[in-house]
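Novice: Sequence below, structure please.
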Amino acid sequence: MRFRLAQAHGPVYNVRMPRIPRRTFPCPAGLYLVFLLLAGPAIGSADAQVTAMKVLLHRTYTYKTVQNLEIQAEVSRADDALERPVLVWIHGGAMMKGDRFNQWEKPFPRMMLEAGYIIVSIDYRLAPETKLPGIIADVADACAWVRAEGPRLFGARTDRLAVAGGSAGGYLTLAAGHHVTPPPTVLASFSGYCDLVGPWATGPSIDPEHRESGLGPEEMTAFKPGPAVSNKYERTYDITPVYNTWRQRGEWPFALTGWDPVSERDNYLPYLNDRGVTPDYPPTIMVHGTRDLDVDYHQEIQMAEALEAEGVSHQLILLEGANHNLGGIDPGKTENALRKAMAFVRFHMEE
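Specialist: Numbering: from 1, shown residues only. Below is the predicted model of the structure:
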């Protein structure tokens, strides 16, 4: 069943009502609609109040070691003895920058923490030192670690698992839908993407931010990646001018994978998220701004079309005029979209 959800803060596209897995009775369409429309502080208010009143625990764990490199996760939860559901948060930064502490810069993981969830914010090996297959393997291993060790280490309830992230973290979130076994229960992508060989990535970037710094031809020729790192603090140099140069030249996909997007396009196929959608792909919500100059918002329209074709429960919220960080518009509109994303995640986690 398809419907278009009217709202005041931007269009909602390609909404498909959830299938009825894990239930012995049907879920009326109205129930999901009410749950979605009422997304806000009132949803899970008891959990939110409990969490707000308690001291939060923040602990760092090594979830994987590659040679001598420890890859870590930051776990945040209420300081109590309750088993709580888990949201794995994946940071952005073009898969070349960033770190697990990104969760404190983003409102969505904070909102889920306040709603009573455990937030597991992960590092992963960064490109260009590590190529894309290794990065996605880290995400899969992090989810496996949460499921295996989370109940013992930090009181996780792991019968279901939510995964979310922004920008590159949104891409990796969508990748988790077809590279993590068993798949996560639900996905939430913010300003993410699905196609690494589209013109937005293989052509010169239109984002002025990517022209704020760069390197000349001789400097780029001399650039050599160092040993593997799992967050930006482990590097002895700033990758930003190098990354900006790759974006200016349309060479970022090659730097990320080592594959030419034209002559070696077939190598990319397992990593194009819209190609990985099957009827068993997790329910997915995507939020994207229409003035995103970094990642073309049509990327998530493309992903929504793939989800629609396979009958997967999904929602796409386009924020008119919002930028890559979902800013540049009335903050209330952005918060409203994030509340709807929270409602979608909680509906599928708690049904």
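
Novice: Helices of the stretch 201-350 of the chain, residue ranges please.
Specialist: In the stretch 201-350 of the chain, the helices defined using DSSP state H, counting those that start in this stretch lie at 217-222, 240-249, 252-257, 265-268, 298-309, 331-350.

Novice: so which of the ones you listed gets nearest residue 132?
Specialist: Across the helices of the stretch 201-350 of the chain, residue 132 has its closest neighbour in helix 252-257 (4.8 Å, CB to CB). All C-beta atoms are positioned from the backbone trio N, CA, C, and that covers glycine.

Novice: Return the alpha-carbon coordinates of the closest one using PDB.
Specialist: C-alpha atoms of helix 252-257 as PDB (Å, rounded to 0.1, in the frame of the first residue of the first chain):
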ATOM      1  CA  TRP A 252      37.500  10.800  -5.300                       C
ATOM      2  CA  PRO A 253      36.000   7.400  -6.300                       C
ATOM      3  CA  PHE A 254      39.400   6.200  -7.600                       C
ATOM      4  CA  ALA A 255      41.100   7.400  -4.400                       C
ATOM      5  CA  LEU A 256      38.500   5.600  -2.300                       C
ATOM      6  CA  THR A 257      38.700   2.300  -4.200                       C
END
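
Novice: helices or strands up against it?
Specialist: helix 199-202, helix 240-249, helix 265-268 (3 or more CB pairs under 8 Å, 6 or more residues apart in numbering; DSSP states H and E).

Novice: rerun at 10 Å
Specialist: Secondary-structure packing of helix 252-257 (3 or more CB pairs under 10 Å, 6 or more residues apart in numbering; DSSP states H and E): helix 132-154, helix 199-202, helix 240-249, helix 265-268.

Novice: contacts for that helix?
Specialist: Outside helix 252-257, the residues that touch it by CB atoms under 10 Å, 6 or more residues apart in numbering are 94-96, 127-128, 130-133, 135, 168, 195-198, 201-202, 205, 210, 223, 225, 242-247, 249, 259-262, 264, 267-268, 271.

Novice: Just the buried residues of the residues you listed.
Specialist: 94-96, 127-128, 130-132, 135, 168, 195-198, 201-202, 205, 210, 225, 242-247, 249, 259, 261, 267-268, 271 (16 or more other CB atoms under 10 Å).

Novice: so where's the stretch 51-200 of the chain shaky on pLDDT?
Specialist: Where the stretch 51-200 of the chain drops to pLDDT under 70, the residues are 51-55.

Novice: mind running it again at 90?
Specialist: Counting by pLDDT under 90, the ranges of the stretch 51-200 of the chain that qualify are 51-56, 101-106.

Novice: what's the answer for the stretch 251-351 of the chain, then?
Specialist: For the stretch 251-351 of the chain (pLDDT under 90), the answer is 350-351.

Novice: centroid residue for this protein?
Specialist: residue 165 (2.2 Å; CA atoms, centre = their mean).

Novice: If I take the helix or strand harbouring that residue and helix 331-350, what angle do their directions form?
Specialist: Using DSSP states H and E, residue 165 sits within strand 156-166. Following axes from the mean of the first three to the mean of the last three CA atoms, to 10 degrees, one obtains 150 degrees for the angle between strand 156-166 and helix 331-350.

Novice: Which elements pack onto the helix or strand just after strand 156-166?
Specialist: Using DSSP H and E, the helix or strand that follows strand 156-166 towards the C-terminus is helix 168-179. Applying 3+ CB pairs under 10 Å, 6+ apart, one finds that helix 168-179 contacts strand 84-90, strand 118-122, helix 132-154, strand 156-166, strand 186-190, strand 284-289, helix 298-309.

Novice: in the last one, what counts as buried?
Specialist: Same thing as helix 298-309. 298, 299, 300, 301, 302, 303, 304, 305, 306, 307, 308.

Novice: out of those residues, who's nearest residue 279?
Specialist: residue 307 (10.1 Å).

Novice: Identify the residues contacting the closest one.
Specialist: 14, 16, 174, 177, 274, 277, 281-284, 286, 300, 313-316.

Novice: ok, and the closest non-adjacent residue to the residue nearest to the centre of the chain?
Specialist: residue 90 (3.3 Å; CB to CB, 6 or more residues apart in numbering).

Novice: From residue 258, how far off is the spatially closest residue to residue 207 that is not a sequence neighbour?
Specialist: Excluding the flanking residues, the one nearest residue 207 by CB to CB, 6+ apart is residue 293, at 4.0 Å. Counting by CB to CB, to the nearest Å, the gap from residue 293 to residue 258 is 27 Å.

Novice: Okay, residue 102 and residue 74: tell me how far apart.
Specialist: 10 Å.

Novice: same check, this time on residue 148
Specialist: 18 Å.

Novice: Out of the two, name the residue with the larger neighbour count.
Specialist: residue 74 (20 against 12; other CB atoms under 10 Å).

Novice: Neighbouring strands of the host helix or strand of residue 58 in the sheet, and parallel or not?
Specialist: Applying DSSP H and E as the criterion places residue 58 in strand 56-66. Within its sheet, and counting by DSSP bridges, strand 56-66 is paired with strand 69-78 (antiparallel).

Novice: In the strand it pairs with, which residues are buried?
Specialist: Neighbour-count burial for strand 69-78 [16+ other CB under 10 Å]: 69, 71, 72, 73, 74, 75, 76, 77, 78.

Novice: I appreciate the help and will end here.
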